[in-house]
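1. Take this sequence and fold it.
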Amino acid sequence: APGGTWDSTDNGTYTITLQDASVSDTLGNVTSETVLGTFTVNISALTPGVLAVTPAGNLNASGNVGGPFSPASLQYTLNNTGQTALNWTAGKTAAWVGLSATSGTLAAGASTTVTVSFATAANSLATGSYNDTVSFSNTTNNNGNTARGVALTVNAIPVTVTLGNLNQTYNGSPKPVTVTTNPTPVTYSVTYAGSPTVPTNANTYAVVATVTQANYSGSASGSLVIAKASQTITFDALASVNDAAASFALGATASSGLTASYASSNTSVATVSGNMVTLVGAGNTTITASQAGGTNYNAATDVPQTLTVTRASPLADPGGPYKVLLNQSLSLNGSASLPSGVATITAYDWDLNNDGTFGDVTGATPAAISYAALTTTWGMVQGANTIQLRVTDSAAKTSTVSTTVNLALGLTWDANGTVAGQTNGGGVWLGANQWWDGSANTTWVSGSNADFGGPDTNGGTVTLASPTSVGSITFNTFTSIYTLGTAGQALT
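-> Down below sits the predicted model:
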C-alpha cells in the first residue's frame with residue numbers, strides 16, 4: 001500500500017506485473033516479465049471533524065447589585081461528530097462573563113464541556129440590563145461554528161423603608177417625619193402632599209419616602225397628621241364700675257395669640273362690641289371671653305367674669321300704679337328703690353298731692369292711708385292722681401320718681417231695690433257677679449234692672465262671668481266709658 005496504508009487517497013485501478021527474472025527454478029530458468037492481472041481500490045473518504053454544541057439555549061440570569069445571580073452558570077457540551085479530529089475555541093467580549101475553558105482538540109467522536117458563568121466583575125455592575133455573546137469556533141475547518149447569548153439583569157438592592165413620627169401637634173415649627181431604612185445608610189427623599197417642603201400647619205398630609213441612592217430601591221407611604229394645638233384664655237377679674245362710667249376695653253388674651261371675643265349675659269346692664277364694654281344700667285352681668293380656634297388651634301375653654309355695675313345715683317321706685325276702690329285704703333311700697341354705689345337708702349319721702357313738698361308720709365312702706373284721707377287730706381279725685389317718692393341715700397344723693405293712684409268713685413248701680421242701700425248708691429262691679437257697694441260684696445240677683453252712671457261720674461267695667469239675666473240696662477250721665485264684658489257668656 002502506498003505510504004504503508006490504504007486510504008481514500010489511494011483509490012484507483014492497479015496492474016500486477018511479474019517482473020522479468022524475478023522468478024527462477026532450480027535449473028536456473030528465469031521468468032520473463034509477465035502481466036499477472038489488475039485490481040481496483042475504492043476506499044470511502046473520512047468525514048471532516050464537525051463541532052456540535054448543546055444545549056441550544058442561552059444563559060439568562062438576574063440578581064441584585066453585587067450578586068449573586070441566578071442561574072449562576074450554564075454548562076455547554078462540545079462534541080466532534082466528524083471522523084477526523086478538530087481544534088476548537090470559545091470566546092466572549094464582556095469582562096463580566098467567565099468561561100471555564102477557551103480552546104482544545106477533539107478527536108473524532110470525542111466531547112468536552114465549557115461552563116459559562118459570571119465573573120467577579122459582574123458584582124460591580126450597576127442596575128440595568130447587560131448582554132454578551134459566547135462564540136464556539138471549529139478552527140480546523142469551521143464546521144459547526146456557533147454562538148450562545150448571555151443576558152444579565154441587575155436589579156436594585158431592595159430597601160425596607162419605615163415612616164415614623166406621623167402624629168404630631170402644631171407648635172409653629174415644621175413637623176418632619178422620621179425615616180428608617182434597612183439596610184442603612186442610604187439616601188432618600190420625602191414629599192408631603194407632593195411637595196418637598198416640610199409642613200407646619202395643622203392638617204393631614206400624604207407622605208411618601210423614596211430611596212434615591214443609586215443601585216437601591218424602596219419606598220413607603222403614610223399620612224402625617226398635625227393636630228390642632230390647645231389654647232387657653234387669660235381673663236382677669238373685672239372691677240366694679242358705676243353706670244355713669246365711660247365705655248372701656250376688655251383685655252383677655254389667648255395663648256395662641258388669636259383675638260378673643262366677648263359676650264354679655266345681661267344686655268340691660270352692659271353690651272359688648274368687639275372688645276369695648278358699654279354700660280347700660282346697674283346690676284350684674286357675666287362677660288364671657290371666648291376664642292373659637294382656627295386653622296391651627298382648637299377652641300379655648302370659655303372664661304367668664306362677673307361685671308358689677310353700681311348706680312351713680314339712687315333710683316326711687318314708688319311702686320304702682322295703684323287702684324283704690326270705694327272705702328278701701330292705699331298701701332304704698334317703695335322698698336324696690338335702689339341706692340347709688342354701695343350706699344344705703346336713708347330716707348323715703350312721699351308727696352301725695354304732687355305739690356312738690358315731700359314728707360306727706362315717710363318710710364319705704366308707710367302705714368295704710370284711708371280712702372277718706374286720700375280724698376280729703378290729699379285732695380285725690382276719681383281717676384288717676386299723681387304722687388311722688390323721693391329717696392335719699394347715705395351718699396347724700398337723691399332720686400324722685402312719680403306714679404299714679406286710681407280712685408274708683410262714681411259708678412251708680414240700681415238693683416231695683418232688691419238689696420237695701422244699693423239704689424242710686426255708689427259702687428263698683430268686682431266681677432263674678434259680685435257688687436261692691438262700699439261695705440260688702442252682694443250677689444247679683446238675676447233679672448234685676450241695671451242702672452249705670454250719675455252726675456259727674458266716670459265709666460267703669462262690668463264683667464259678667466256667668467249667664468246673667470238683666471231686666472233692663474240704663475246708662476245715665478257719666479264722663480267716660482262703660483265697658484260691658486262677658487267672658488263668652490250671654491246677656492239676656
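
2. Could you use CA atoms for every contact and neighbour count after this?
-> Will do.

3. what sits against residue 17?
-> Each residue near residue 17 by C-alpha atoms under 8 Å, 6 or more residues apart in numbering is listed here: 33-37.

4. Among those residues, which ones are in helices?
-> Of the contacts of residue 17, none are assigned to helices by DSSP state H.

5. Next, format these as JSON lines and append neighbour count and distance to residue 83.
-> What follows is the contacts of residue 17, written out as JSON lines (neighbours: other C-alpha atoms under 10 Å; distance: C-alpha to C-alpha, whole Å):
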{"residue": "33", "neighbour count": "13", "distance to residue 83": "42"}
{"residue": "34", "neighbour count": "11", "distance to residue 83": "41"}
{"residue": "35", "neighbour count": "11", "distance to residue 83": "38"}
{"residue": "36", "neighbour count": "10", "distance to residue 83": "37"}
{"residue": "37", "neighbour count": "10", "distance to residue 83": "34"}
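
6. Specify which member of these is nearest to residue 240.
-> residue 37 (161.2 Å; C-alpha to C-alpha).

7. what packs against the helix or strand containing residue 391?
-> Here residue 391 sits within strand 383-393, counting by DSSP states H and E. Helices and strands touching strand 383-393, as assessed by 3 or more C-alpha pairs under 8 Å, 6 or more residues apart in numbering; DSSP states H and E, comprise strand 345-351, strand 398-407.

8. returning to that earlier point: any chance of the contacts of residue 17 in JSON lines, plus pLDDT and distance to residue 190?
-> Output for the contacts of residue 17, formatted as JSON lines (pLDDT from 0 to 100; distance: C-alpha to C-alpha, whole Å):
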{"residue": "33", "pLDDT": "81", "distance to residue 190": "111"}
{"residue": "34", "pLDDT": "79", "distance to residue 190": "110"}
{"residue": "35", "pLDDT": "79", "distance to residue 190": "107"}
{"residue": "36", "pLDDT": "76", "distance to residue 190": "106"}
{"residue": "37", "pLDDT": "79", "distance to residue 190": "103"}
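
9. re the thing from before, what angle sits between the strand holding residue 391 and strand 345-351?
-> 160 degrees (axes from the mean of the first three to the mean of the last three C-alpha atoms, to 10 degrees).

10. residue contacts, residue 317?
-> Counting by C-alpha under 8 Å, 6+ apart, residue 317 makes contact with 334-338, 389, 401.

11. Would you quantify the distance from it to residue 266?
-> Distance, residue 317 to residue 266, by C-alpha to C-alpha, to the nearest Å: 21 Å.

12. so what's residue 97 bridging to?
-> residue 118 (DSSP bridges).

13. That one - how many residues pack around it?
-> 23 (other C-alpha atoms under 10 Å).

14. Assess the claim that it and residue 123 are in contact.
-> No - between residue 97 and residue 123 there is no contact under C-alpha atoms under 8 Å: 11.1 Å.

15. quick one, what contacts the residue lying closest to residue 267 once chain neighbours are set aside?
-> Among residues not flanking residue 267 along the chain, residue 280 sits closest, at 7.3 Å (C-alpha to C-alpha, 6 or more residues apart in numbering). Taking C-alpha under 8 Å, 6+ apart, we find residue 280 in contact with 243, 267-271.

16. go again using 6 Å as the cut-off
-> Contact analysis of residue 280 by C-alpha atoms under 6 Å, 6 or more residues apart in numbering lists 268-270.

17. got it, and residue 401?
-> 316, 388-389.

18. got it, and residue 338?
-> 314-315.

19. quick one, phi psi at it?
-> Main-chain torsions, residue 338, degrees, to the nearest 10: phi -120, psi 140.

20. what bridges to it?
-> Assigned bridge partners for residue 338, using DSSP bridges, are residue 315.

21. what does residue 14 give?
-> Beta-bridge partners, per DSSP bridges, of residue 14: residue 39.

22. Hmm, it is touching residue 39, no?
-> Yes - at 5.1 Å, residue 14 and residue 39 qualify as touching, with contact defined as C-alpha atoms under 6 Å.

23. What is the neighbour count of residue 2?
-> A count of nearby residues for residue 2, using other C-alpha under 10 Å, gives 8.

24. Okay, it and residue 83: tell me how far apart.
-> 21 Å.

25. cool, and residue 268?
-> Residue 268 is 127 Å from residue 83, by C-alpha to C-alpha.

26. hang on, the earlier thing: can you redo the helices and strands packed on strand 383-393 as JSON lines with distance to residue 62?
-> Formatted as JSON lines, these follow (distance: least, C-alpha to C-alpha, whole Å):
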{"stretch": "strand 345-351", "distance to residue 62": "105"}
{"stretch": "strand 398-407", "distance to residue 62": "106"}
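
27. Just name the most buried of these.
-> strand 345-351 (a mean of 21; mean count of other C-alpha atoms under 10 Å).

28. What is the subsequent helix or strand relative to that one?
-> Downstream of strand 345-351, the next assigned helix or strand under DSSP H and E is strand 361-362.

29. how distant is that following strand from the center of its chain?
-> In terms of C-alpha atoms, centre = their mean, to the nearest Å, the centre of strand 361-362 is found 69 Å from the chain centre.

30. Can you classify residue 148 by secondary structure?
-> What DSSP: H, G, I helix; E, B strand; the rest coil gives for residue 148 is strand.

31. wait, it sits on residue 136?
-> No - counting by C-alpha under 6 Å, residue 148 does not reach residue 136; the two are 8.1 Å apart.

32. higher neighbour count, these two?
-> residue 136 (24 against 19).

33. I'd like to know the average pLDDT value across the strand or helix carrying that one.
-> Per DSSP H and E, residue 136 falls inside strand 128-138. Mean pLDDT, strand 128-138: 98.

34. Now do the buried residues in it.
-> Of the residues in strand 128-138, 130, 132-138 count as buried by neighbour count, 16 or more other C-alpha atoms under 10 Å.

35. Put together a markdown table for these, with distance to residue 261 on each row.
-> Below are the buried residues of strand 128-138 laid out as a markdown table (distance: C-alpha to C-alpha, whole Å):
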| residue | distance to residue 261 |
| --- | --- |
| 130 | 71 |
| 132 | 78 |
| 133 | 82 |
| 134 | 85 |
| 135 | 88 |
| 136 | 91 |
| 137 | 95 |
| 138 | 98 |
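
36. Among those residues, which one sits closest to residue 161?
-> residue 130 (28.4 Å).

37. quick one: the closest one and residue 96, what's the gap?
-> 9 Å.

38. One more: residue 240?
-> For residue 240 relative to residue 96 (C-alpha to C-alpha), the value is 94 Å.
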